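[1] Following is a predicted model, sequence given first.
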Amino acid sequence: MPDITASQVSLDHRAAVPAEEDPGSVQAVITRGWNAYLLQVVLVKNGETRMLVGKEVTSYAVAETVARVFAATHGVSWDKVEVVLK
């Protein structure tokens, strides 16, 4: 096989470098109801939204605790989670 220099290789034949994958973002949406709070933990990745947790709890503190535990068990640091209170 003959030696090939870099100038002889066109861009079309070079290995494509994969684009960096979108790491996504996590939101904890806490909605206050009449007698309870609704917690929704949502993953937004590549423009798509997926609800990961949907849970009714008795207080804001419980909602935040559930969101913190979910984030910790999935390797997401709490400072990366956006908390939205409605």
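    Alright, I've got the coordinates.
[2] Give me the residue ranges of the chain where confidence is low.
    Along the chain, segments meeting pLDDT under 70 span 1-22.
[3] how about 90 then?
    Residue ranges of the chain with pLDDT under 90: 1-25, 43-50, 52, 70-78, 80.
[4] all strands for it, in order.
    For the chain, the strands defined by DSSP state E occupy 25-32, 37-45, 48-57, 81-85.
[5] helices or strands up against the last one?
    Where contact means 3 or more C-beta pairs under 8 Å, 6 or more residues apart in numbering; DSSP states H and E, strand 81-85 is packed against strand 25-32, helix 60-73. Heads up, the C-betas are built off the backbone N, CA and C, glycines and all.
[6] can you check the longest one too?
    Identification of packing neighbours for strand 48-57 by 3+ C-beta pairs under 8 Å, 6+ apart yields strand 37-45, helix 60-73.
[7] ok so, going back, what's the closest of the strands of the chain to residue 72?
    Set against residue 72 and scored by C-beta to C-beta, the strands of the chain come closest in strand 81-85, at 10.0 Å.
[8] how distant is that closest one from the center of its chain?
    Computed by C-alpha atoms, centre = their mean, to the nearest Å, the chain-centroid distance of strand 81-85 equals 13 Å.
[9] Now it: buried residues?
    residue 81 (16 or more other C-beta atoms under 10 Å).
[10] what does stretch 58-69 give?
    62-64, 66-67.
[11] Go through the helices and strands packed on strand 81-85 and name the closest to residue 47.
    strand 25-32 (11.4 Å).
[12] What would that closest one look like as PDB? C-alpha coordinates only.
    Presented in PDB, the C-alpha positions along strand 25-32 are these (Å, rounded to 0.1, in the frame of the first residue of the first chain):
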ATOM      1  CA  SER A  25     -30.800  19.500  32.100                       C
ATOM      2  CA  VAL A  26     -33.000  18.500  35.000                       C
ATOM      3  CA  GLN A  27     -35.800  20.500  36.400                       C
ATOM      4  CA  ALA A  28     -37.800  19.800  39.600                       C
ATOM      5  CA  VAL A  29     -41.200  21.400  39.100                       C
ATOM      6  CA  ILE A  30     -43.100  21.800  42.400                       C
ATOM      7  CA  THR A  31     -46.700  22.800  42.100                       C
ATOM      8  CA  ARG A  32     -48.700  23.800  45.200                       C
END
